[in-house]
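Trainee: can you look at this prediction? I've put the sequence above it.
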Amino acid sequence: MNKTVLKTKELLDLFLESERLTLPEMVARLQMPKTSVYRMAQSLVALGFLQKQGDDYELGLSLLTFGTLVAERLDLRRVALPVMERLKEETKEAVNLVIRDGDEALYIEKVETSEPVRVYTKVGRRAPLYAGACPRILLAFMNEADRERYVEQVELVKMAKCTVTDKQVLRRLLEEGRNRGYTVSYSELENYSAAVAVPIFNHEGAAVAGLSVAGPEQRFSPDDIARIVPRLKQAAMAISRELGFRGQG
C-alpha cells in the first residue's frame with residue numbers, strides 16, 4: 001500500500017477523537033517530522049479535507065460532501081431485499097420492512113409468502129406506531145423523551161379485536177420490546193393476523209427501520225415465535241451491518 005496515502009489516513013484519523021489540533025499536536029501524535037506533517041496538512045487544506053482556523057486545524061467540508069453521498073447512496077430497500085428474501089425462505093412467511101414517517105409507520109418493502117393462506121399487506125401502507133409488532137418496534141426504540149411524548153399525546157384507536165387501547169399496557173409492551181429486542185402482536189391491525197418484529201440500526205446506532213415476519217395467527221404459536229426470532233434477529237443484524245452499525249444490538 002502507498003505509504004503517503006497511509007500516513008495521510010493516519011493524520012485524518014487524529015480528528016476522530018479531537019475536534020481541533022495544532023501542527024505541534026499532530027507532529028507529537030504522529031511521531032513524524034514537522035515538515036512532512038505540515039506538507040500533508042497544507043495539501044489537505046487545499047483539497048478541502050481540512051480547514052485552518054488560526055493555529056488550529058479541523059475537518060473540512062469536503063468530507064461532509066463525501067459522507068452525505070455515502071448516506072444517500074446506501075438505499076435501505078436495496079440492502080434489505082436480498083436478506084428479506086432469504087428470511088422468507090427460512091420462515092415460509094411474509095417479511096415486511098417498515099420505517100417511521102412522523103407519527104406513523106410506513107411499509108416500504110415486502111416479500112410475500114408462498115403459502116396459500118396469508119396476511120395481505122402492501123407497500124405504501126401506513127399504520128400508527130402503537131399498533132402491530134413492526135410499527136411498535138420503531139416506537140420502542142425511539143429515545144425515551146420522544147417515546148413518552150408520543151404516548152402521552154396519541155389517541156389509541158381500536159382497529160382490530162386486540163389493538164392496544166390502554167396506555168399503561170402500551171408502556172409495558174414497549175419496555176418489554178426494548179428489553180428482549182423484539183415485539184409480537186396478535187390481531188392488532190387486522191383480525192387473525194400475527195407478526196414478530198425487530199429493529200434495524202444505522203451507523204449511528206439509531207433504530208431506522210423495523211423488520212417483521214407476519215402471517216395468520218395459527219402459524220405463530222409460542223414455539224413458532226421461538227423458532228422465528230433468532231432468524232429474524234440475525235437478518236436484521238445483517239442489514240444493520242450493511243448500514244454501518246458496529247454495535248451488538
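Mentor: Good, I have the coordinates. The shown structure was predicted, so the numbers you read here are calculated from the model rather than taken from an experiment. Numbering: from 1, shown residues only.
Trainee: check what pLDDT residue 73 gets.
Mentor: Note for residue 73: predicted pLDDT of 56.
Trainee: beyond the helix or strand hosting residue 85, next helix or strand please.
Mentor: Using DSSP states H and E, the element containing residue 85 is helix 76-91. The element immediately downstream of helix 76-91 (helix or strand, assigned by DSSP H and E) is strand 94-101.
Trainee: what strands line up against the following helix or strand past that following strand, and which way round?
Mentor: Helices and strands here follow DSSP H and E; after strand 94-101, the next one along the chain is strand 104-111. Here strand 104-111 is paired, per DSSP bridges, with strand 94-101 (antiparallel), strand 126-128 (antiparallel).
Trainee: so, low pLDDT: which residues of the chain?
Mentor: Low-confidence segments of the chain (pLDDT under 70): 68-74, 116-118, 120, 248-249.
Trainee: give me the contact list for the longest helix along it.
Mentor: For the chain, the longest helix by residue count, based on DSSP state H, is helix 222-242. Helix 222-242 has contacts (Cβ atoms under 8 Å, 6 or more residues apart in numbering) with 74, 76, 79-80, 83-84, 86-87, 90-91, 93, 181-182, 184, 196-202, 209, 211-213, 220, 245, 249. Placement of C-beta: from N, CA and C, glycine included.
Trainee: got the contact list for the spatially most central residue of the chain?
Mentor: Compute the mean C-alpha point of the chain, and by Cα atoms, centre = their mean the closest residue is residue 201, 2.5 Å away. With contact taken as Cβ under 8 Å, 6+ apart, residue 201 is in contact with 207-208, 240, 243, 245, 247, 249.
Trainee: and residue 15, by the same measure?
Mentor: 21, 58-59.
Trainee: pull out the buried residues from these.
Mentor: Using 16 or more other Cβ atoms under 10 Å as the burial test, these include 21, 59 as buried.
Trainee: filter the contacts of residue 15 down to just the ones in strands.
Mentor: Secondary structure defined by DSSP state E assigns 21, 58-59 of these to strands.
Trainee: could you break this protein into its assigned domains?
Mentor: Residue ranges for the domains of the chain, per automatic domain parsing: 3-70, 74-242.
Trainee: buried deepest among those domains, which one?
Mentor: Of those, the one with the most neighbours on average (mean count of other Cβ atoms under 10 Å) is domain 74-242, at a mean of 18.
Trainee: and that one, how far out from the chain middle?
Mentor: 13 Å (Cα atoms, centre = their mean, to the nearest Å).
Trainee: distance check, the residue sitting furthest away from the middle of the chain against residue 27.
Mentor: Distance from the centre of the chain peaks at residue 35, with 43.5 Å (Cα atoms, centre = their mean). Residue 35 is 10 Å from residue 27, where distance means Cβ to Cβ, to the nearest Å.
Trainee: same question, residue 130
Mentor: 56 Å.
Trainee: who's in contact with stretch 158-173?
Mentor: Counting by Cβ under 8 Å, 6+ apart, 130-131, 136, 140, 151, 156-157, 183, 185-191, 193 sit against stretch 158-173.
Trainee: may I ask which two of these are separated the most?
Mentor: 151 and 191 (24.5 Å; Cβ to Cβ).
Trainee: so residue 47 sits against residue 65, correct?
Mentor: No. The pair residue 47 / residue 65 is not scored as a contact, 11.5 Å apart, by Cβ atoms under 8 Å.
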